[in-house]
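> Give the three-dimensional model of this entry:
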Amino acid sequence: MDQLALLFALLLGALVSVPLGERWGLPAPVLMTILGIVLALPDFVPNVDITPDLILPALLPPLLYAAVRRTSWRQFAANKRPIFLLAVALVFVTTAAVAAVAHAIVPWLPIAAAVALGALVAPPDPVAATAVAAKLGLPRRLVSILEGEGLFNDVTAIVLYHVAIAAAVSGTFSLSEAGLELVLSAVVAVALGLALGWAANRLLNILGDATLQVGLTLLVPYVSYVLAEELHGSGVLAVLTTALFLSEYATDADDVMTRLAGHTFWDVVDTLVTGVAFGLIGLELHNAIRTASGRWEEMTGWALAILAVVVLVRLLWLLPATWLTRWLHARLDEDHDEDIPLTWRETVVMWWSGMRGVASAALVLAIPLELENGEPFPGREEMIFIAFGVVMGTLLIQGLTLPWLVGRLGVRADTEAEKEFEKQLAIRAARAAKRRLAELRSAEDLPEELSEKLLQRAYDIGARISPDIGQDVRKEGHEERDRRMKKARRIRGEMLSAARHEVLSARSEPGSDPEIVDRVLRHLDVRSLR
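Alright, predicted model coming up:
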């Protein structure tokens, strides 16, 4: 088996792990990690041969971009306090604690390398955490915190990691220079991210076609990351800024095709890249185990010690941090809803959701092989073994037991509140359609029969989103119209189904152009979704 075949095996596993995880009640990232471990066992499977410099640029940009698409800038702004305490402060505290312990138990590990180790194991993985949370039905506020923490702690940890690695490679370190580098790195990244976001938004409007627009969104995170790194900025922060800008300003409510295609495309990219990343974690464990040959007891002890530090620091920080956030929220009497854990049970679930994953694996694999003077990077093999011990420990122990813990603590989403919010949005959508219809009726001469049909369609817009609003309509005395609408929807659905079948059958006819058939079929699909 060569490297390309191994890559295809991981891609296939990424797809298969999703339905298997749903059937077995296990997170897909955990299954992919186990698959990587299994693949690493046979002798005919090659070791992963990826240049360390390519790990971060290849994996992080699409994962970050896909994660940002699920959130918004306003959500970050509303939750700046908990995100700061978790994403910035906790990363610094964890890095310091791990560096101190690692330097103490591994005597020949330089302090700069120990700080790099602390930075790379500090950030919990948003992909693993949200993948597990989504399957468990956790409250949306907890999922929002995990997503925000996962994005911003990656930025903080990676910047710290680069500073520590630079100090280790060069052998020199200045606190003032490092602080200035952190500030400049952030400024360059934000400025570049905003500029690329603006340029990409303009280019999206010029391209017009959904296929070209979606293709551009694949290039944008890579361009943002690479340019920021070339300009000595934070590539991760640049991608985050660009993605937030596009999610805020590059959304056209009437661009249905691009939205549908983009949603599907990025779901596929997220699934495949995430699967490959966690598969690589399992495969690299083989090399980490080989590194420990003859020193199993010593190196396993180191890994367990760092794992304990990572887990305990998160708990000891979360307990006072969440209390402080709740106290400040109540003290300042703020109007907006802040996504914070409301009970100690939710705090415990947040603690146990701090699994390490893609970022930690990518950073440890990106550790340089040599110093500036040509000597081997000190403690690189030990750092790899410890880091993968932490990743595997959190993924397998916390990832496999989190469903049980959530069930025992009874932490569940408020489904009634979510349904009510969905219902209110459906009502707003239907009312907006009716208002626009009233404006058109006053401006244009619409036949009464057509006006009635269009009014029914306005109701249908809301009913498709939230069937519950039909109950309110019936209470208002419109039972007969409701029945007519249901019948009309069924008939329209059958008509569109017959049209799709007819167009699809044309694909096999002599002289038929499949590209034109697919184009017409795509229009019918969009019509059906509407």
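> surely residue 262 meets residue 217?
Yes: here residue 262 reaches residue 217: they are 6.3 Å apart, a contact under CB atoms under 8 Å. From N, CA and C alone the C-beta is placed, and that goes for glycine too.
> between the two, which one's more packed in?
residue 217 (23 against 17; other CB atoms under 10 Å).
> could you dump the helix or strand containing that one to CSV, C-alpha only?
Using DSSP states H and E, residue 217 sits in helix 210-230. What follows is helix 210-230, C-alpha atoms only, in CSV (Å, rounded to 0.1, in the frame of the first residue of the first chain):
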residue,chain,number,x,y,z
ALA,A,210,-23.1,28.9,-8.1
THR,A,211,-20.4,26.3,-9.1
LEU,A,212,-17.8,29.0,-9.5
GLN,A,213,-18.8,30.7,-6.3
VAL,A,214,-18.5,27.6,-4.2
GLY,A,215,-15.2,26.8,-5.8
LEU,A,216,-14.0,30.3,-4.8
THR,A,217,-15.0,29.6,-1.2
LEU,A,218,-12.7,26.6,-1.2
LEU,A,219,-9.7,28.7,-2.3
VAL,A,220,-10.4,31.6,0.0
PRO,A,221,-9.4,30.0,3.4
TYR,A,222,-6.2,28.6,1.9
VAL,A,223,-5.2,32.0,0.3
SER,A,224,-6.0,33.7,3.6
TYR,A,225,-3.9,31.3,5.6
VAL,A,226,-0.9,31.3,3.3
LEU,A,227,-0.8,35.0,2.7
ALA,A,228,-1.0,35.7,6.4
GLU,A,229,1.8,33.3,7.2
GLU,A,230,4.0,34.9,4.4
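> which residues are contacting the helix or strand just after it?
The helix or strand immediately downstream of helix 210-230 is helix 235-249, counting by DSSP H and E. Residues outside helix 235-249 that contact it (CB atoms under 8 Å, 6 or more residues apart in numbering): 56-57, 60-61, 64-65, 68-69, 71-73, 76, 151-152, 154-155, 158-159, 185-186, 188-190, 192-194, 196-198, 200-201, 217, 220-221, 224-229.
> ditto for stretch 153-165
With CB under 8 Å, 6+ apart, stretch 153-165 has contacts from 56, 60, 64, 86-88, 90-92, 95, 112-113, 115-116, 119-120, 122-124, 126, 178, 181-182, 185-186, 234-237, 240, 359, 363, 367-368.
> Now with 6 Å, please.
Under the contact criterion CB atoms under 6 Å, 6 or more residues apart in numbering, stretch 153-165 has outside partners 87-88, 91, 95, 112, 115-116, 119-120, 122-123, 178, 182, 185, 234, 236-237, 359, 363.
> Kindly report the same for stretch 109-117.
Contacts of stretch 109-117 (CB under 6 Å, 6+ apart): 99, 102-103, 161, 164-165, 167-168, 378-379, 383.
> Using neighbour counts, trim those to the buried set.
99, 102-103, 161, 164-165, 167-168, 379, 383 (16 or more other CB atoms under 10 Å).
> Excluding residues flanking it in the chain, which one is nearest residue 223?
Leaving aside its chain neighbours, residue 223 sits nearest to residue 196 (6.6 Å; criterion: CB to CB, 6 or more residues apart in numbering).
> could you check the distance from the one you found over to residue 73?
From residue 196 over to residue 73 the distance is 16 Å, taken as CB to CB, to the nearest Å.
> ditto for residue 197
Distance of residue 197 to residue 73, computed by CB to CB: 11 Å.
> mind checking which helix or strand the residue nearest to the spatial centre of the chain is in?
Residue closest to the average C-alpha location in the chain (CA atoms, centre = their mean): residue 67, at 2.8 Å. Element membership for residue 67 (DSSP H and E) is helix 52-68.
> Return the distance of that helix from the chain's centre.
Centroid displacement of helix 52-68 relative to its chain, using CA atoms, centre = their mean, to the nearest Å, is 11 Å.
> Mind checking the pLDDT average for that helix?
The average pLDDT within helix 52-68 is 80.
> Could you list every helix and strand that that helix packs against?
Under the contact definition 3 or more CB pairs under 6 Å, 6 or more residues apart in numbering; DSSP states H and E, helix 52-68 sits against helix 210-230, helix 235-249, helix 256-291, helix 358-365.
> Out of the ones you listed, which is closest to residue 320?
Counting by CB to CB, residue 320 lies closest to helix 358-365 out of the helices and strands packed on helix 52-68; the figure is 25.0 Å.
> So residue 197 and residue 73 - more neighbours on which side?
Taking other CB under 10 Å, residue 197 and residue 73 do not tie; residue 197 has more neighbours (23 against 15).
> Show me the helices in the stretch 1-150 of the chain, by range?
Secondary structure of the stretch 1-150 of the chain by DSSP state H, counting those that start in this stretch: the helices cover 3-24, 28-40, 52-68, 73-78, 80-83, 90-105, 111-121, 126-136, 140-170.
> Now the shortest one: buried residues?
Looking back up the chat, that one is helix 80-83. Those would be 81-83, for helix 80-83 by 16+ other CB under 10 Å.
> Can you lay out those residues as CSV showing pLDDT and distance to residue 207?
Listed next are the buried residues of helix 80-83 as CSV, based on pLDDT from 0 to 100; distance: CB to CB, whole Å:
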residue, pLDDT, distance to residue 207
81, 74, 39
82, 73, 38
83, 74, 34
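> Mark out where each domain of the protein begins and ends.
Following automatic domain parsing, the chain resolves into domains at 52-174+275-413, 415-477.
> What is the distance between the first one and the centre of its chain?
Yep, that's domain 52-174+275-413 we're talking about. Counting by CA atoms, centre = their mean, domain 52-174+275-413 comes out at 14 Å from the chain centroid.
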